[in-house]
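J.: Model the following, please.
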Amino acid sequence: MSDVLVQRDGAYTTITMDRPRRRNALSREFLLDLTRAFQDVAGTDALGVILAANGPVFSAGHDFADMAGASHADVRSLLQTCADLMRTIQSVPQVVVARVHALATAAGCQLVAACDLAVAAESAGFAAPGGKGGWFCHTPMVPISRNIGRKRTMEMALTGDVIDARTAAEWGLINYAVPDDELEKATLTLLQRATKGSPRSKALGKQALYAQLDRPEQDAYLYAIEVMAASSQTPEAQEGMTAFLEKRPPTWPA
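T.: Sure thing, here's the model as predicted:
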């Protein structure tokens, strides 16, 4: 049986990590199952995706049972499989929100950082614990550093300490920290806010945002100008502008 549960509810799909016996550790098979789940949802008309988890831990990161004693080539391949999942999350047309109910560490924290948005329960925590041990969290720090900035990245990476959900929100790792009993409602509310408007326009916008984020400012402007100029010709853009001028609600093309 798959350790990944996929459930459609109205406009949204929830992908749930269901490997509590292993603290939702990201084995190779589990990573591949998660990647396939996102790829499958990408081909549907769902407007948004919630990434959730069952059990006492959101995700403990890589499954060391896959890695202890593995060859250099095997570990590289596994890390590439993990990176492929992160890129898949950012490439799907839907808005992806992580709903973090508990501890997310190492590659589990990487998973949260790779999502478009994230909401966490106040009891949740986040860590890149490699700094405390013998194997530094090199790949988890790629998306984490792009969320929280240089000095806070260094603090997380070098100390390996857990930061609480409120701190994670202040640092920009997540969008909101909320009381535990409000987590599901707050996550859905954010997803509803983030999926208003034309789905096709939003999908293009999400992908273009990721494409320009790591470019120098001048290059980012050149790229964004071309994308925005081209997208102005789409039916969605024309309808949005016309509806605004005519002071009426827009009707998005099917």
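J.: helices or strands up against the lowest-mean-pLDDT helix or strand in the chain?
T.: Least confident element among the helices and strands of the chain, by mean pLDDT, DSSP states H and E: helix 64-67 (a mean of 84). Packing partners of helix 64-67 (3 or more C-beta pairs under 8 Å, 6 or more residues apart in numbering; DSSP states H and E): helix 72-91. (Each C-beta comes from the backbone N, C-alpha and C, glycine too.)
J.: quick one: contacts for D40?
T.: Taking C-beta atoms under 8 Å, 6 or more residues apart in numbering, we find D40 in contact with V6.
J.: wait, A53
T.: Per C-beta under 8 Å, 6+ apart, neighbours of A53: 16-18, 24, 59, 100-102.
J.: Now, these that are in strands?
T.: 16-17, 59, 100 (DSSP state E).
J.: so can I have a markdown table of those residues showing distance to C137?
T.: Compiled in a markdown table, the ones in strands among the contacts of A53 are given as follows (distance: C-beta to C-beta, whole Å):
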| residue | distance to C137 |
| --- | --- |
| T16 | 25 |
| M17 | 19 |
| S59 | 13 |
| V100 | 17 |
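J.: pLDDT at A254, what is it?
T.: Per-residue pLDDT puts A254 at 69.
J.: same thing with M1?
T.: pLDDT, read off for M1, is 60.
J.: how many neighbours does the closest residue to N54 other than its chain neighbours have?
T.: Closest residue to N54 in three dimensions, ignoring its sequence neighbours and counting by C-beta to C-beta, 6 or more residues apart in numbering: D18, at 4.9 Å. Using other C-beta atoms under 10 Å as the criterion, D18 is surrounded by 17 other residues.
J.: Going forward, count from 37.
T.: All set: I'll call the first residue 37, so the last point we hit is now D54.
J.: Spit out the contact partners of D54.
T.: 38-41, 60, 89-91.
J.: quick revisit: just the closest of the contacts of A89 to L227, please.
T.: Lowest distance from L227 to the contacts of A89 (C-beta to C-beta) belongs to V136, with 13.9 Å.
J.: partners of the closest one in the sheet?
T.: Beta-bridge partners of V136, counted by DSSP bridges, are A156.
J.: one step back: mark which of the contacts of D54 are buried, thanks.
T.: 39-40, 60, 89-91 (16 or more other C-beta atoms under 10 Å).
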